[in-house]
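K.L.:
A structural model of the following input is requested.
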Amino acid sequence: VALAGGVAVLGVLPAGRGNDFARQLGLPDDPERLADLLLSAEPTAIDAIEVTADDGTTNVVAGSVYGGVDSVANAHINRLTRLPGSLAYYLGPLRAIATWRPVAYRITIDGETREERGYTVVAANSGYYGYGLHVAPDASVSDGLLDVVIIRHAPRRLFFKVMRELPHGTHVRRPEIEVLRGREVRVEADREIPFGGDGELLGTLPVTIRVLPGALRVITA
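P.N.:
Presented below is the predicted three-dimensional model:
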């Protein structure tokens with residue numbers, strides 16, 4: 001998000017395949033209502049995320065950063081360019097899960113480190129990702145914090161149950177799911193795992209993720 005930290009205002013047109021950030025902002029699908037909103041609403045200051053790989057590469061994203069089975073699925077989805085979004089977002093995760101083996105993560109949140117074996121770690125500013133999955137149902141784009149969602153290792157059959165619960169945000173009730181909060185998150189893994197942000201693959205773990213409070217001026221509903 002090149003506008004972070006500046007005075008320009010971001011108006012989001014939900015024309016992608018996932019439109020998850022637009023969903024978080026509550027933007028209407030109807031073009032006329034959206035046009036009226038973009039032309040008349042006052043901008044709101046929201047948080048953004050600074051993403052720094054160990055090679056020094058830095059990106060800024062608005063929604064979330066993730067590294068695990070979801071980022072592997074992201075790689076598959078990006079190859080399915082000729083399919084509609086709903087089908088690509090269905091087939092991509094299936095391919096990723098079919099060959100998945102658990103990752104040993106080292107996760108440091110505001111200086112406190114923990115080790116987990118699991119499917120993924122998501123640092124969320126926005127609650128939605130992956131075509132409407134409500135991965136962090138309590139996340140706020142304006143609280144100056146990241147919701148860190150850890151999906152621990154579980155049998156594949158249980159993971160598929162979690163997948164069915166993700167659109168509703170009810171997965172967070174399961175003991176295999178933990179949600180923490182912090183301003184800075186570092187995620188390391190025991191093997192090469194890609195990490196992504198807002199639908200784009202950005203590099204390979206490890207990565208350091210920081211919230212940028214109020215860095216983005218955006219039109220919201």
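
K.L.:
downstream neighbour of the lowest-mean-pLDDT helix or strand in the chain in the secondary structure list?
P.N.:
None of the helices or strands of the chain scores lower by mean pLDDT, DSSP states H and E than helix 85-98, at a mean of 80. Per DSSP states H and E, the first helix or strand lying C-terminal to helix 85-98 is strand 103-109.

K.L.:
Check which helices and strands the very next helix or strand once past that following strand is in contact with.
P.N.:
Scanning forward in sequence from strand 103-109 by DSSP H and E, the next helix or strand is strand 112-124. Judged by 3 or more C-beta pairs under 8 Å, 6 or more residues apart in numbering; DSSP states H and E, strand 112-124 is in contact with strand 64-68, helix 69-79, strand 103-109, strand 146-152, strand 184-189. C-betas here are computed from N, CA, C, even on glycine.

K.L.:
tell me, which of those is the model least confident about?
P.N.:
With a mean of 88, helix 69-79 has the lowest mean pLDDT of the helices and strands packed on strand 112-124.

K.L.:
Let's see it as PDB, backbone CA atoms only.
P.N.:
Provided in PDB are the C-alpha atoms of helix 69-79 (Å, rounded to 0.1, in the frame of the first residue of the first chain):
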ATOM      1  CA  VAL A  69      -0.800 -23.900   4.400                       C
ATOM      2  CA  ASP A  70      -2.600 -20.700   3.400                       C
ATOM      3  CA  SER A  71       0.400 -19.200   1.700                       C
ATOM      4  CA  VAL A  72       1.000 -22.500  -0.100                       C
ATOM      5  CA  ALA A  73      -2.600 -22.400  -1.200                       C
ATOM      6  CA  ASN A  74      -2.100 -18.800  -2.300                       C
ATOM      7  CA  ALA A  75       0.700 -20.000  -4.700                       C
ATOM      8  CA  HIS A  76      -1.700 -22.500  -6.200                       C
ATOM      9  CA  ILE A  77      -4.500 -19.900  -6.500                       C
ATOM     10  CA  ASN A  78      -2.200 -17.500  -8.300                       C
ATOM     11  CA  ARG A  79      -1.600 -20.200 -11.000                       C
END
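
K.L.:
before we move on, back to that, contacts for the least confident helix or strand of the chain next, please.
P.N.:
16-18, 69-70, 72-77, 80-81, 83, 130-131, 156, 159-160, 163 (C-beta atoms under 8 Å, 6 or more residues apart in numbering).

K.L.:
Kindly report the same for stretch 8-24.
P.N.:
Taking C-beta under 8 Å, 6+ apart as the rule, stretch 8-24 contacts 1, 3, 25, 27, 29, 34, 38, 43, 62-63, 84-85, 88-89, 126-133, 141, 198-199, 216-219.

K.L.:
What score does the closest residue to Arg174 other than its chain neighbours have for pLDDT?
P.N.:
Closest residue in space to Arg174, ignoring its immediate chain neighbours: Val162 at 6.6 Å, by C-beta to C-beta, 6 or more residues apart in numbering. Looking at Val162, its pLDDT stands at 90.

K.L.:
Report the contact partners of the residue nearest in space to the middle of the chain.
P.N.:
In the chain, the residue lying closest to the centroid (C-alpha atoms, centre = their mean) is Ser64, at 2.8 Å. Counting by C-beta under 8 Å, 6+ apart, Ser64 touches 49, 122-126, 129, 135-136, 197-198.
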